[in-house]
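Visitor: Next comes the sequence, and after it the predicted model I'd like to discuss.
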Amino acid sequence: MGSAEDDLEEFLQQKQRVRNPLVPVGALMTAGVLTAGLISFRRGNSQLGQMLMRARVVVQGATVALMVGTAYYYGGNPWKSH
């Protein structure tokens, strides 16, 4: 049974995920802009709220691009044939 555990441990070490420190920053920025936008809508400032919702989309898109770029850079491209 030890051999199977050793194989699993080796497999997990090979498949360790690479972390990009900018992804959590982007996620926090997205949450912050979303919160600010919802607060401004609640206070009746719809123009500022709309601007913040558009900014949220941009920040969220940048975060997703960072995640995809990191996966592609470190060889996590699922469309690449082996």
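Guide: Everything's here; your move. Numbers count the residues shown, from 1 in each chain.
Visitor: ranges for the strands of the chain?
Guide: Along the chain, counting by DSSP state E, no stretch forms strands.
Visitor: Tell me where the model's unsure across this protein.
Guide: For the chain, applying pLDDT under 70 flags the ranges 1-18, 76-82.
Visitor: all helices for it, in order.
Guide: With DSSP state H, the ranges of helices along the chain come out as 2-14, 22-42, 46-73.
Visitor: could those go into TSV alongside mean neighbour count?
Guide: All C-beta atoms are positioned from the backbone trio N, CA, C, and that covers glycine. As requested, those are exported to TSV (neighbours: other C-beta atoms under 10 Å):
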stretch	mean neighbour count
helix 2-14	9
helix 22-42	15
helix 46-73	14
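Visitor: so how far is residue 22 from the residue lying closest to residue 53 once chain neighbours are set aside?
Guide: Computed as C-beta to C-beta, 6 or more residues apart in numbering, the closest residue to residue 53 that is not its neighbour in sequence is residue 37, at 4.9 Å. Residue 37 is 22 Å from residue 22, where distance means C-beta to C-beta, to the nearest Å.
Visitor: now swap in residue 54 and tell me
Guide: Residue 54 sits 21 Å away from residue 22, going by C-beta to C-beta.
Visitor: ditto for residue 39
Guide: From residue 39 to residue 22 the distance is 25 Å (C-beta to C-beta).
Visitor: Please apply the same query to residue 57.
Guide: Distance, residue 57 to residue 22, by C-beta to C-beta: 18 Å.
Visitor: go on, residue 68?
Guide: For residue 68, the distance to residue 22 - C-beta to C-beta - is 13 Å.
Visitor: Same check on residue 42?
Guide: Between residue 42 and residue 22 the computed distance is 30 Å (C-beta to C-beta).
Visitor: which residues does residue 61 contact?
Guide: Not one residue lies near residue 61 by C-beta atoms under 8 Å, 6 or more residues apart in numbering.
Visitor: Let's see that with 10 Å instead.
Guide: Going by C-beta atoms under 10 Å, 6 or more residues apart in numbering, residue 61 touches 26, 30.
Visitor: residues touching residue 52, list them.
Guide: By C-beta under 10 Å, 6+ apart, the contact set of residue 52 is 32-41, 45.
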